[in-house]
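Trainee: Only the shape, not the letters, is given here:
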C-alpha cells in the first residue's frame, strides 16, 4: 500500500501575516517615494527593501502607487465602530476621544509624508481619494445602524459624506503644515488629534 503523500511546500499564509506583509510593502514604498520620487521607484526596489520579490509585490498590489493604500485605509473600521457606539445626545467629537487617545489609531508620520507627496503625484492622490471613496459606505452603514434607518435611506449617506470630507480635510490640513523634520512625534500626534476633534465639532451640526 502506498502511503498518502503529505502536503509539501510552505504552509499558506494567515490573513494576519498577509496584512503584515502589505503594511511592510507600504512603508517601504513610502520611504522610497519620499527619498527618490515615485517615477524613479521600481517594484524591484520596493521588494528588495522588504526582502521579497517584485512578483510578490505585484501579487498584493496592482501598481506601485497602490502599495501605499494600507497606510491610507488604517482606521476605517475603527471609525465605523465608533460611529455605531456614538451615544445619543453626546457631541460627535466625544465619540472619538477614546480613538484619538490611541497612537495606533492616528495616521503616523509616514502618512503625513505621503499626503505631502499627493500634491505633486497624481497617482498617489488618486489612491488617497479612492480610499476615502470606499470608506464612505462603511460610515453610512454605521450611521444608519445607529439611527435605526434602512440601508438605502439617503440621510446616512449624506451624513457619511460630510463626515468623510471633514476627516480627510483635517488630516490633509495637519499634514500640509507639518513639514518640519525632526518634529516631536508626541506634539505632532496631539496636534493631529486636536485638528480632527475640531473637524468633527464643525461637522456635528449637520449630523445631529
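Mentor: Everything's here; your move. The shown structure was predicted, so the numbers you read here are calculated from the model rather than taken from an experiment.
Trainee: contacts, neighbours, all on C-alpha from now
Mentor: Will do.
Trainee: Domain ranges for the chain, per the record?
Mentor: 15-63, 74-207 (automatic domain parsing).
Trainee: Can you add mean neighbour count and mean pLDDT and give those domains back as a markdown table?
Mentor: Shown next, in a markdown table, are the domains of the chain (neighbours: other Cα atoms under 10 Å; pLDDT from 0 to 100):
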| stretch | mean neighbour count | mean pLDDT |
| --- | --- | --- |
| domain 15-63 | 16 | 94 |
| domain 74-207 | 17 | 86 |
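Trainee: For this structure, just list every one of the helices.
Mentor: Shown for the chain, the helices assigned by DSSP state H span residues 15-36, 43-50, 54-60, 69-73, 76-84, 97-100, 109-118, 122-147, 154-177, 185-207.
Trainee: could you dump those helices to TSV with distance to residue 90?
Mentor: Output for those, formatted as TSV (distance: least, Cα to Cα, whole Å):
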stretch	distance to residue 90
helix 15-36	35
helix 43-50	45
helix 54-60	41
helix 69-73	27
helix 76-84	12
helix 97-100	12
helix 109-118	30
helix 122-147	13
helix 154-177	16
helix 185-207	10
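Trainee: Show me the one of the ones you listed that comes nearest residue 91.
Mentor: helix 185-207 (7.2 Å; Cα to Cα).
Trainee: Can you name the residues in contact with that closest one?
Mentor: 91-93, 96-97, 100-101, 103, 106, 108, 159, 162-163, 166-167, 170-171, 174, 178 (Cα atoms under 8 Å, 6 or more residues apart in numbering).
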